[in-house]
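J.: no sequence on this one, just coordinates:
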């Protein structure tokens, strides 16, 4: 596994307030890594440190193969950042915003025009190219913001709450854009307040609370950390349900002729249950796995903020 980002022992404090308390991160190339946490947990501070906008008090990090302290210019040349607040110039047209970014990246004029046209097409902004962002919807402004980030063809993109304030349709459009970027080999470091967004997009998720990472894993792995997972067996009639209850125990639902068996949803757990069904001639019509969602995980892991 080739790493796009590797950080060890990152620390940051403001006076007596510890914002990051020695966090470690490993983000594989070509994946979406999501950092979750309550407001004030240190998500934006982490993004600012890894994108060279803020110096850590301690720790080290390598981003796109460049040491953050030794070669910050190399880091900046390999990344793009879309922050919580739009960087779009409202007085310029969409096309002019993109050409400005091309000039800042010192692209030759012809290359800058080509890249601008390419991004306007990619982000469905061709018809709005000669209008100012003041006339854009929130989703259009956010698309332009991300398009500006891509002018320099970054290998790693930091998206700090990129869909905050967008309506559900615009949010899903952004999700599709993000998925397409990853298919093209870009690495995404995503912070978000929308747990469904992390669940839909992220290959791995880390939960930050009180300046410390309290959990990390795939969405399914995190869901298995929280009690409440179960397998639901559905039956055709009451005698079959009665037979299953006698053998398996669990919680029965007579109204729906169902039986809930505690389970972490793992392969071994499911295989064991299937063996018991077969060995005891239990005839279930259907089987479904129910795990806690990321909301449950988030609230359980961040319920008690660390006091300092």
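T.: Okay, I see it. What you are looking at is a predicted structure, and each value in this text was computed from that prediction instead of being measured. Numbers count the residues shown, from 1 in each chain.

J.: residue ranges of each domain in the chain, please.
T.: Domain segmentation of the chain under automatic domain parsing yields 3-223, 230-290.

J.: let's have the ones you listed in JSON lines, adding mean pLDDT and mean neighbour count.
T.: Every residue, glycine included, has its C-beta placed from N, CA and C. Below are the domains of the chain laid out as JSON lines (pLDDT from 0 to 100; neighbours: other C-beta atoms under 10 Å):
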{"stretch": "domain 3-223", "mean pLDDT": "93", "mean neighbour count": "18"}
{"stretch": "domain 230-290", "mean pLDDT": "93", "mean neighbour count": "15"}
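
J.: right, so of these, which gets closest to residue 297?
T.: Each of the domains of the chain has some distance to residue 297 by C-beta to C-beta; the shortest is domain 3-223, at 4.9 Å.

J.: now that closest one, how far from the centre of its chain.
T.: Computed by C-alpha atoms, centre = their mean, to the nearest Å, the separation of domain 3-223 from the middle of its chain amounts to 11 Å.

J.: give me the beta-bridge partners of residue 35?
T.: residue 191, residue 206 (DSSP bridges).

J.: let the chain start at 693 from now.
T.: Okay, using 693 as the starting number, the last item reads as residue 727.

J.: for the stretch 893-1000 of the chain, what spans make up the strands?
T.: 896-901, 904-909, 922-926, 943-945, 950-954, 978-982 (DSSP state E, counting those that start in this stretch).

J.: counting by contacts, list what the first one packs against.
T.: When you say that, I think you mean strand 896-901. Applying 3 or more C-beta pairs under 8 Å, 6 or more residues apart in numbering; DSSP states H and E, we find strand 896-901 packed against strand 709-720, strand 724-728, strand 904-909, helix 911-915, helix 986-993.

J.: contact partners for residue 815?
T.: The contact partners of residue 815, taken as C-beta atoms under 8 Å, 6 or more residues apart in numbering, are 835, 836, 838, 839, 869.

J.: roughly how far apart are residue 810 and residue 818?
T.: 11 Å (C-beta to C-beta, to the nearest Å).

J.: one more: residue 867?
T.: For residue 867, the distance to residue 818 - C-beta to C-beta - is 21 Å.

J.: let me have the helices and strands packed on strand 896-901 in TSV, extended by distance to residue 806.
T.: Shown next, in TSV, are those (distance: least, C-beta to C-beta, whole Å):
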stretch	distance to residue 806
strand 709-720	31
strand 724-728	28
strand 904-909	40
helix 911-915	38
helix 986-993	41
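
J.: and these: which comes nearest residue 823?
T.: Set against residue 823 and scored by C-beta to C-beta, those come closest in strand 724-728, at 31.4 Å.

J.: tabulate the domains of the chain (CSV), appending distance to residue 992.
T.: Output for the domains of the chain, formatted as CSV (distance: least, C-beta to C-beta, whole Å):
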stretch, distance to residue 992
domain 695-915, 9
domain 922-982, 15
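
J.: which of the ones you listed sits closest to residue 990?
T.: Nearest to residue 990, of the domains of the chain and by C-beta to C-beta, is domain 695-915 at 5.7 Å.

J.: now the strands for the stretch 743-892 of the chain?
T.: Listed in chain order, the strands of the stretch 743-892 of the chain (DSSP E, counting those that start in this stretch) span 750-755, 758-759, 771-774, 848-852, 879-883.

J.: which strands and helices sit next to the fourth one?
T.: Same thing as strand 848-852. Strand 848-852 makes packing contacts with helix 735-742, strand 771-774, strand 879-883 when contacts are defined by 3+ C-beta pairs under 8 Å, 6+ apart.

J.: and that strand with strand 879-883, angle?
T.: 10 degrees (axes from the mean of the first three to the mean of the last three C-alpha atoms, to 10 degrees).
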